[in-house]
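**Q** Need a 3D model of the following:
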Amino acid sequence: MPVAETAGKIKALEIQGATKVAVEAVKALAAELRELEWVEREEAVACLEDSIQVLVGSRPTEPLMRNGLRFVESRVLEARWSSPGELAEVVGAAEADFLGMLERAREDMVEVGARRIEDGDTVMTHCHSSAVTGTLLRAHERGVRFRVLQTETRPKYQGRITARELVEAGVDTTMIVDSAARYYMKEVDFVLVGCDAITSEGNVVNKIGTSQVALAAWEARIPFYVVTTLLKFDPATIRGGYEVIEERETAEIWENPPKGLKILNPAFDITRRDYIHGLITEEGIISPHSILEAIHRHYPWMLGGRPSLQG
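**A** Predicted coordinates for the structure are as follows:
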């Protein structure tokens, strides 16, 4: 089953990165619904809701995935269909619309971010983000000569993914241990990181260690930018909800620890908006303080409206 298989891969980090997770989850949901044989509408809706729960449960801190699944769900619930063929048509259109929206947003924010990079710059980044990698590669393709300082990003070493992609493209890249970020901050012109979630206050949830990099940048008066689509906004935070921080298995840190040792392994942390110089988005570089206004302009459906093609 597409949903069960995809959820398993997301949980095991075989599929990682907020954008990739969202894309694969939406594709899996659409495939699951297209595979339905003739059932009553109520049964199809139950399958839809069960599938969404399975996918959402695979990675708690992924509002982009939740927003994509909600987009498809709303289209299915609003549409008039009475056969598997009609349902498949509705699902296919919703899938294409959301993925197209996401691709346009990514193209716009990568373009904005690439313009920020100039000859001679040293850019620090943390973890692996397809948006950040895309931004750096876009600037490199245009002949901009710059250097990247990449943290290794323990305990799963996702920084190696970014480093490999950059080195293979010919970008001057140096890897450092996570704890050396503050030491090397004096060499940096600005920091670029990705994002898993944006709250209504303009705070950003990203890979554990991001907030420490942000604090080091703030102390050194180095601009700290977050490359993100507005589609990663978590509407639940408007109503007082908190973004759940996923706790990973302790074996990722130490497979055979001494008896009695307690290990904590949060996957993400929260960077306060006060430490963020700007959000590099499809709208341009905006202040994290203005996130709600930007959502209203681009994706009002995330705030309760009909999920159509804004943006």
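**Q** Name the single longest helix found in this structure.
**A** What stands out as the longest helix in the chain, according to DSSP state H, is helix 84-116.
**Q** next SSE after it?
**A** strand 122-125 (DSSP states H and E).
**Q** ok, and for the longest helix of the chain, which residues are buried?
**A** Of all the residues in helix 84-116, those buried under the rule 16 or more other Cβ atoms under 10 Å are 84, 87-88, 90-91, 94-95, 97-99, 101-102, 105-106, 108-110, 112-114, 116. Using the backbone N, CA and C atoms, a C-beta is placed for each residue, glycine as well.
**Q** and what of stretch 265-276?
**A** Applying 16+ other Cβ under 10 Å to stretch 265-276 flags Asn265, Ala267, Phe268, Asp269, Ile270, Thr271, Arg272, Arg273, Tyr275, Ile276 as buried.
**Q** Next, the distance between the ends of it.
**A** End-to-end distance of stretch 265-276 (Cα to Cα, to the nearest Å): 24 Å.
**Q** got the contact list for the nearest residue to Ser290 once chain neighbours are set aside?
**A** Excluding the flanking residues, the one nearest Ser290 by Cβ to Cβ, 6 or more residues apart in numbering is Gly202, at 7.7 Å. The contact partners of Gly202, by Cβ atoms under 8 Å, 6 or more residues apart in numbering, come to Arg273, Ile276, Leu279, Ser287, Pro288, His289, Ser290, Ile291.
**Q** Report the buried members of the residues you listed.
**A** Buried among the contacts of Gly202 by 16+ other Cβ under 10 Å: Arg273, Ile276, Leu279, Pro288, Ile291.
**Q** rewinding a little: next up, phi/psi of the residue nearest to Ser290, please.
**A** When read as degrees, to the nearest 10, the backbone of Gly202 gives phi 90, psi 10.
**Q** And it, how close does it get to Thr135?
**A** Here the criterion is Cβ to Cβ, to the nearest Å. By it, Gly202 lies 20 Å from Thr135.
**Q** Could you do Glu246 as well?
**A** Distance from Glu246 to Thr135, by Cβ to Cβ: 25 Å.
**Q** Then Thr173?
**A** Taken as Cβ to Cβ, the span from Thr173 to Thr135 is 14 Å.
**Q** Buried residues of stretch 64-78, list them for me.
**A** Quick answer for stretch 64-78 (16+ other Cβ under 10 Å): 64-76.
**Q** could you dump those residues to TSV with pLDDT, distance to Phe224 and secondary structure?
**A** Converted to TSV, the buried residues of stretch 64-78 look like this (pLDDT from 0 to 100; distance: Cβ to Cβ, whole Å; DSSP: H, G, I helix; E, B strand; the rest coil):
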residue	pLDDT	distance to Phe224	secondary structure
Leu64	94	21	helix
Met65	96	25	helix
Arg66	94	26	helix
Asn67	95	25	helix
Gly68	95	27	helix
Leu69	95	30	helix
Arg70	92	30	helix
Phe71	94	30	helix
Val72	94	34	helix
Glu73	93	35	helix
Ser74	91	35	helix
Arg75	91	37	helix
Val76	92	40	helix
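**Q** For stretch 66-83, what is the distance to the chain centroid?
**A** For stretch 66-83, the gap between its own C-alpha mean and the chain's C-alpha mean amounts to 22 Å (Cα atoms, centre = their mean, to the nearest Å).
**Q** Just the CA atoms of it, as PDB, please.
**A** Extracted in PDB, the C-alpha atoms of stretch 66-83 (Å, rounded to 0.1, in the frame of the first residue of the first chain):
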ATOM      1  CA  ARG A  66       0.000  18.400   6.900                       C
ATOM      2  CA  ASN A  67      -0.900  21.400   4.800                       C
ATOM      3  CA  GLY A  68      -0.500  19.400   1.600                       C
ATOM      4  CA  LEU A  69      -2.600  16.500   2.900                       C
ATOM      5  CA  ARG A  70      -5.300  19.000   4.100                       C
ATOM      6  CA  PHE A  71      -5.300  20.600   0.700                       C
ATOM      7  CA  VAL A  72      -6.100  17.300  -1.000                       C
ATOM      8  CA  GLU A  73      -8.600  16.300   1.700                       C
ATOM      9  CA  SER A  74     -10.500  19.600   1.400                       C
ATOM     10  CA  ARG A  75     -10.700  19.200  -2.400                       C
ATOM     11  CA  VAL A  76     -12.000  15.700  -2.100                       C
ATOM     12  CA  LEU A  77     -14.600  16.600   0.600                       C
ATOM     13  CA  GLU A  78     -15.900  19.600  -1.300                       C
ATOM     14  CA  ALA A  79     -16.100  17.900  -4.800                       C
ATOM     15  CA  ARG A  80     -19.100  16.000  -6.100                       C
ATOM     16  CA  TRP A  81     -18.100  12.500  -7.100                       C
ATOM     17  CA  SER A  82     -19.900   9.200  -7.000                       C
ATOM     18  CA  SER A  83     -17.500   6.700  -8.600                       C
END
